[in-house]
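K.L.:
need a 3D model of the following:
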Amino acid sequence: MALKYLFAIVCLSSWFTSFSQNPEEWQTLNFESPEDYKNNEDKILECANFVLTGPAEPTDPARKSAMGALSKWMSGTPDYSFVIDESISKLMEKNEAVLSIYMAAMTKYTLENKDKKITPADLKLNAFEQLLNYSEVPGNKVPMTRDLKKAIEAKRKGKLKEYLKI
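P.N.:
Reported below is the predicted structural model:
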C-alpha cells in the first residue's frame with residue numbers, strides 16, 4: 001500500500017517538474033543579433049510571467065535569473081521600445097520590488113499584444129494596472145508605501161490615468 005503512495009508522489013513531482021520554468025536556461029539566453037531577440041520572445045514572456053506570479057523575493061535565484069534576462073532583452077530589443085519615466089520613481093522609493101514588477105508587466109503586455117499598435121500611454125497604463133493588481137495581493141509581499149497606496153486608490157476609483165498624467 002505504501003508503495004502505491006510513493007509511486008504516486010514520484011509521478012506527481014515529476015509531472016510538476018516537467019512544467020516548471022528553467023532559470024538556468026534564462027541565464028544562458030544570448031542576444032547577439034536582432035534574430036536572437038525575436039527568437040527568445042517566448043522565453044522572455046515566460047520570465048515576465050514568472051516574476052508576476054510569485055512573491056517579490058529579491059533574493060530568489062530564479063527571480064534574479066528571470067529579471068536578468070528581462071533586463072537584457074528590454075534594453076536591446078530592436079522591435080520594441082520601453083520608457084521608464086518619473087511616474088514609477090515615486091513608487092520605487094524604499095520599495096525595490098516595484099521596478100522589477102513594472103518591467104515584467106511592460107514586457108508581458110507588449111508580448112501578449114504584438115498584433116496591436118501600442119502607444120507609450122497604453123503601455124504605461126496597462127503596466128501600472130498589472131503592477132498595482134500584483135501589489136494588492138498580500139502573498140506577493142510588496143511593501144505598501146504611502147505612494148503605492150495612493151496609486152492603488154486612484155486605480156480603484158478609476159482615476160489611474162489622471163494619477164499618471166496620461
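
K.L.:
how far off centre is whichever strand or helix holds residue 161?
P.N.:
Secondary structure assigned from DSSP states H and E places residue 161 in helix 160-164. Once both centres are worked out by CA atoms, centre = their mean, to the nearest Å, helix 160-164 turns out to sit 21 Å from its chain's centre.

K.L.:
in that helix, which residues are buried?
P.N.:
Using 16 or more other CB atoms under 10 Å as the test for burial, helix 160-164 gives 160, 163-164. For every residue, glycine as well, the C-beta is placed using N, CA and C.

K.L.:
how much space between residue 37 and residue 107?
P.N.:
Counting by CB to CB, to the nearest Å, the separation of residue 37 from residue 107 is 12 Å.

K.L.:
I should have written residue 137 there, sorry.
P.N.:
19 Å.

K.L.:
the more surrounded of the two?
P.N.:
Counted by other CB atoms under 10 Å, residue 137 and residue 107 do not tie: residue 107 has more neighbours, with 27 against 10.

K.L.:
OK, contacts around that one?
P.N.:
44-45, 47-48, 70, 73-74, 82 (CB atoms under 8 Å, 6 or more residues apart in numbering).
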